[in-house]
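**Q** Need a 3D model of the sequence below.
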Amino acid sequence: LIIPSTTGGTTIEATKEYFGGSGDCCFANGSSGCEDSTCQDSVCSYDTFCCDVAWDSICANEAAADPNCDCEATVDLFCGTPVTAPGVWYTVIGTGNTITVSTCNDADYDTKLSVYCTDCDTEFTCVTGEDDTSGCGLTTEISFCSQAGQEYHILVHGFSDATGDFDLTVTDDGVPCLADVLCAPTGACCTVFGCLQTDEPHCTALGGDYKGEGTECITRPVGNQVTYTSSPNLPIPDANPAGISDTITVNASSFAVHDMRVQVEITHTWIGDLKISLEHVATGKTVNLWNRRCGNTDNMNVTFGDGGSILLCSDIPLGTGMVDPLETGSGPPLASFSGLKLAGDWRLLVSDNAGADTGTLVSWSIIATKASDETCSPLPIPTVNRWGLVVMALIILAAGAVMIRRRKAT
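**A** This next block holds a predicted model:
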């Protein structure tokens, strides 16, 4: 950090000092920094976001790889909101319906709720989580679609280090649904609507043909990847959140997207100022690719793709391999574009969100492969009798469960 003299004296050089955060360096803790000052200073030397804004899961990943940090195998419980206070655990068995978990207006402190499923003590899958729900003040209510027979773990915890008394209510709406987060064993389910990745009870309820646990809805690429490139050399205005955009128009292809990757080349003297996203203009669907990571690192030439490597800002230059947008932009994944027609307009948006440093969008490309559903043969349109069976199956799945507990989180 160079501080020019305002009194006519000599320019001096100063090192930014970070004050310790309140959480474990090996976890996303929500504070600015972490409790181990040696680890904190090392990580923040190449990723200032961790100390200036929040110590998130990327910072925890960097700490795990940093020799100045002592991180053994740990469980990151971040789920919609960081876990920073003591809490109380509950379990509930899924019914195949939407389950609502609530402390809404039934607690004397600022509560948070997180829901997980897990196969063992070190592999938690986040289902949903939230801190403070509209209409509930500083308390929380969340809902999720459950899988029948699956055990879910509910954590009631507090903001910062808050604890207190609460009433927890868990209710079931009795309406079958398809879970967004799949915890129970799943397989390919062939239905009149196409192939779905779900569990056997849901597949049966839909009148589908369940292919067995562990099977997949296979979409194999047909032919080679196609690449469309734009080289706009557009200046990126400094400290302008509206930023710039550039559009690639695909005219020749009508196939559905199986896999989408995005290559971006930018020259910039502080890429931690940048936000980058890709929009499918016709649907408005947008994926965030980059969200102010890696501080004062210069320039990037990055390919974004689902399943790419974990971002480590200490790996300089940024330009090798493939980076997962869930690591750098918080998602959703590029798989969100799967099934969309490639033909049409694809828009890249780039903005600079802090002063002093500038840059240029040199070029960018979309790289797509064609999708072809090969798992399921077309099923016949169901008859009235078959739909009757479907309705009966849905009714059978509509069992409800209500649980109320009162505990003190200490």
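
**Q** Contacts for stretch 324-334, please.
**A** 58, 61, 259-262, 275-278, 287-291, 293, 304-311 (C-beta atoms under 8 Å, 6 or more residues apart in numbering). Backbone N, C-alpha and C define where each C-beta goes, glycine included.

**Q** try it again with 7 Å
**A** 58, 260-261, 277, 287-291, 293, 304-311 (C-beta atoms under 7 Å, 6 or more residues apart in numbering).

**Q** Also stretch 279-294?
**A** 47, 49, 58, 262, 264, 271-278, 304, 311, 313, 318, 325, 328-332, 334, 336-337, 340, 344-347, 349, 353.

**Q** Give me the residue ranges of the stretch 301-410 of the chain where confidence is low.
**A** Residues of the stretch 301-410 of the chain that meet the criterion pLDDT under 70 lie in 314-321, 329-331, 371-410.

**Q** If any of the contacts of stretch 324-334 are buried, put those into a PyMOL selection.
**A** Filtering the contacts of stretch 324-334 down to the buried ones (16 or more other C-beta atoms under 10 Å) takes a single PyMOL command:
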select buried, resi 58+260+261+277+287+288+289+290+291+293+304+305+306+308+310+311
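
**Q** isn't Cys26 right next to Ala60, touching?
**A** Yes - with contact defined as C-beta atoms under 7 Å, Cys26 counts as touching Ala60 (5.8 Å).

**Q** Using neighbour counts, pick out the buried residues of stretch 62-82.
**A** Under 16+ other C-beta under 10 Å, the buried positions of stretch 62-82 are 62-64, 66, 69, 71, 76-82.

**Q** so what does the helix or strand harbouring Asp172 touch, helix or strand wise?
**A** In the assignment (DSSP states H and E), Asp172 maps to strand 164-176. Contacts defined by 3 or more C-beta pairs under 7 Å, 6 or more residues apart in numbering; DSSP states H and E place strand 164-176 against strand 97-102, strand 403-409.

**Q** Just give me the neighbour total for Thr283.
**A** If you count neighbours by other C-beta atoms under 10 Å, Thr283 ends up with 12.

**Q** Please tell me how far it sits from Phe255.
**A** For Thr283, the distance to Phe255 (C-beta to C-beta, to the nearest Å) stands at 16 Å.

**Q** now swap in Asp24 and tell me
**A** On the measure of C-beta to C-beta, Asp24 and Phe255 end up 47 Å apart.

**Q** The two - which one has more neighbours?
**A** Neighbours per residue (other C-beta under 10 Å) separate Asp24 from Phe255, with Asp24 holding more: 20 against 16.

**Q** related to what we said a few turns ago, from the buried residues of stretch 62-82, pick the one nearest Ser31.
**A** Minimum distance to Ser31 across the buried residues of stretch 62-82 is 8.3 Å, recorded for Pro82 (C-beta to C-beta).

**Q** Look up which helix or strand Asn61 falls in, please.
**A** helix 57-65.

**Q** Dump the C-alpha coordinates for the helix or strand that that helix is followed by into CSV.
**A** Next helix or strand after helix 57-65 toward the C-terminus (DSSP H and E): strand 88-93. Extracted C-alpha coordinates of strand 88-93, given in CSV (Å, rounded to 0.1, in the frame of the first residue of the first chain):
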residue,chain,number,x,y,z
VAL,A,88,-29.1,-28.0,19.1
TRP,A,89,-29.4,-30.9,16.7
TYR,A,90,-32.7,-32.7,15.7
THR,A,91,-33.5,-35.4,13.2
VAL,A,92,-36.6,-35.9,11.1
ILE,A,93,-37.5,-38.6,8.5
